[in-house]
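Visitor: predicted structure and sequence below. I'll ask about it afterward.
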Amino acid sequence: MAERALRGTRLGATSYENDRNTDLAPRQEVAFDCPRGHRFTVPFSAEAELPLNWECRICGDLAVTATGDTPTPKKVKPPRSHWDMLMERRTMADLEEVLAERLAVIRGQRGPGEEPAPRHARQRKSA
Ligand SMILES: [Zn+2]
């Protein structure tokens, strides 16, 4: 009876290719320890940049690499601000020029002699 049962596999579920004559990419097993005491390994490519953390396979907590030596933290470049990027493209003299141009445009729109009111005069007095 069991022999006559129709057997099948889901499409794409199983590969019938074998590993013979196949060169598997070099890999390494990295062990992780989770704070709840679970230990598991994750295979990585030998060239992969190893993560410091991995989600625990058992409980989902954040596990850390179990190797005694903590991987040297990457040198993190300080984030570049808009100002830094601006200073890479422009010199101070450039900026003065651009500022002068813009001010001229703005003053031109307002009309000559219409200087903006001093700041304190525009502020509403609070009771
Ligand atoms: Zn765990």
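Guide: Nice, I can see it.
Visitor: identify the bridge partners of residue 53.
Guide: residue 64 (DSSP bridges).
Visitor: thought it was touching residue 66?
Guide: No - using C-beta atoms under 8 Å, residue 53 and residue 66 do not qualify as a contacting pair, with a distance of 11.7 Å. C-beta here means a position set from N, CA and C on the backbone, and glycine is covered the same way.
Visitor: quick check: neighbours shared by the two?
Guide: Common neighbours of residue 53 and residue 66 (criterion: C-beta atoms under 8 Å, 6 or more residues apart in numbering): residue 32.
Visitor: kindly list the longest helix within the chain.
Guide: In the chain, with assignment by DSSP state H, the single longest helix is helix 92-110.
Visitor: any idea how many residues pack against the nearest residue to residue 56 once chain neighbours are set aside?
Guide: Setting aside the residues directly before and after it, residue 56 is nearest to residue 34 in space (C-beta to C-beta, 6 or more residues apart in numbering), at 3.7 Å. The number of residues packed near residue 34 is 21, by other C-beta atoms under 10 Å.
Visitor: which residue ranges form the helices in the protein?
Guide: Secondary structure of the chain by DSSP H: the helices cover 82-89, 92-110, 119-122.
Visitor: the second one to helix 82-89, inter-axis angle?
Guide: The one in question is helix 92-110. 110 degrees (axes from the mean of the first three to the mean of the last three C-alpha atoms, to 10 degrees).
Visitor: which of the residues in helix 92-110 are buried?
Guide: For helix 92-110, the neighbour count (16 or more other C-beta atoms under 10 Å) marks no residue as buried.
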